[in-house]
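Engineer: sequence isn't available, so here's the structure alone:
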């Protein structure tokens, strides 16, 4: 669906882990545009004199008259957003960018999330459950157990969940990419989907290429406009420079990383 700029009212905006917030918004008048997992919206968080630019956030959920976002407070814009209260109004431009293509998934999928990258991966997981894909496995990495979100909800739907934490407080001690490699060694999925830190994506993409599994990754980059006008989110790829906001944020891993 074509992106629209709509006014939304805050329904809830609560801290779900230290510095991580989950916001639920409802449109004031317009209907909620359909969004695919992996797409994002530009949220206006301007307060008095600034900041001028909107903030890009991946959809956590979209539909049934509401949209949800998961974000970490890392700067001025997200700090202001964290102060938004019930019934406050925000301008939301979306959906933007490319999402995950679910069509290659026939019976199995491996999802890999690192940190706040769980947002589009959770959205994707729920879509796969709706399609009754029988074998869905999630590998989820975070710094500590307190930052693991939605894992129990996904397990209740039948998704197999593997956890990795930096401090070993939940699951195995180590990196999500290490657990993903083990998962791929045990069962070759139809497709690997990943979102998280760039080194994690690189390692996951290499492992997927070795077993011949297609891999789609969602990457983060600083954005000013979100619609390809400012050219500020360019990334170097195997096809030259591409822009995360309009060519991505979801890419075929082979576009970003050389095959091993």
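Structural biologist: Ah, there it is. If you're wondering where the values come from, they're calculated on a predicted model, not measured in any experiment.
Engineer: what residues does stretch 125-134 touch?
Structural biologist: 37, 61, 102, 105-109, 111, 136, 138, 154, 157-159 (C-beta atoms under 8 Å, 6 or more residues apart in numbering). The way it works is simple: take the backbone N, C-alpha and C, and place the C-beta from them, glycine included.
Engineer: mean confidence for it?
Structural biologist: Summarised as a single mean, pLDDT over stretch 125-134 is 97.
Engineer: stretch 14-33 now?
Structural biologist: 92.
Engineer: in that stretch, what's buried?
Structural biologist: 17, 20-25, 27, 32-33 (16 or more other C-beta atoms under 10 Å).
Engineer: would JSON lines of those residues with distance to residue 193 and secondary structure be doable?
Structural biologist: JSON lines is the format used below for these (distance: C-beta to C-beta, whole Å; DSSP: H, G, I helix; E, B strand; the rest coil):
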{"residue": "17", "distance to residue 193": "23", "secondary structure": "strand"}
{"residue": "20", "distance to residue 193": "21", "secondary structure": "strand"}
{"residue": "21", "distance to residue 193": "24", "secondary structure": "strand"}
{"residue": "22", "distance to residue 193": "21", "secondary structure": "strand"}
{"residue": "23", "distance to residue 193": "23", "secondary structure": "strand"}
{"residue": "24", "distance to residue 193": "24", "secondary structure": "strand"}
{"residue": "25", "distance to residue 193": "25", "secondary structure": "strand"}
{"residue": "27", "distance to residue 193": "28", "secondary structure": "strand"}
{"residue": "32", "distance to residue 193": "23", "secondary structure": "coil"}
{"residue": "33", "distance to residue 193": "22", "secondary structure": "coil"}
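Engineer: could you dump these to TSV with distance to residue 184?
Structural biologist: Shown next, in TSV, are the buried residues of stretch 14-33 (distance: C-beta to C-beta, whole Å):
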residue	distance to residue 184
17	28
20	28
21	32
22	30
23	34
24	34
25	36
27	40
32	36
33	35
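Engineer: which residues are contacting the strand or helix carrying residue 200?
Structural biologist: Element membership of residue 200 [criterion: DSSP states H and E] is helix 198-211. For helix 198-211, contacts defined as C-beta under 8 Å, 6+ apart pick out 112, 114, 141, 175-177, 180-181, 184-185, 188, 192, 194-195, 214-215, 217, 219, 253-254, 256-257, 259-260.
Engineer: hmm, which of those residues are the buried ones?
Structural biologist: Here, 16+ other C-beta under 10 Å leaves 112, 114, 141, 175-177, 180-181, 184, 192, 194-195, 214-215, 217, 219, 253-254, 256-257 buried among the contacts of helix 198-211.
Engineer: quick one, helices of the stretch 1-150 of the chain?
Structural biologist: Under the criterion DSSP state H, counting those that start in this stretch, the stretch 1-150 of the chain contains helices at 76-82, 118-130.
Engineer: buried residues in the shortest one, which are they?
Structural biologist: Of the residues in helix 76-82, those buried by neighbour count under the rule 16+ other C-beta under 10 Å are 77-78, 80-82.
Engineer: picking up where we left off before, among the buried ones among the contacts of helix 198-211, which ones are in helices?
Structural biologist: 176-177, 180-181, 184, 253-254, 256 (DSSP state H).
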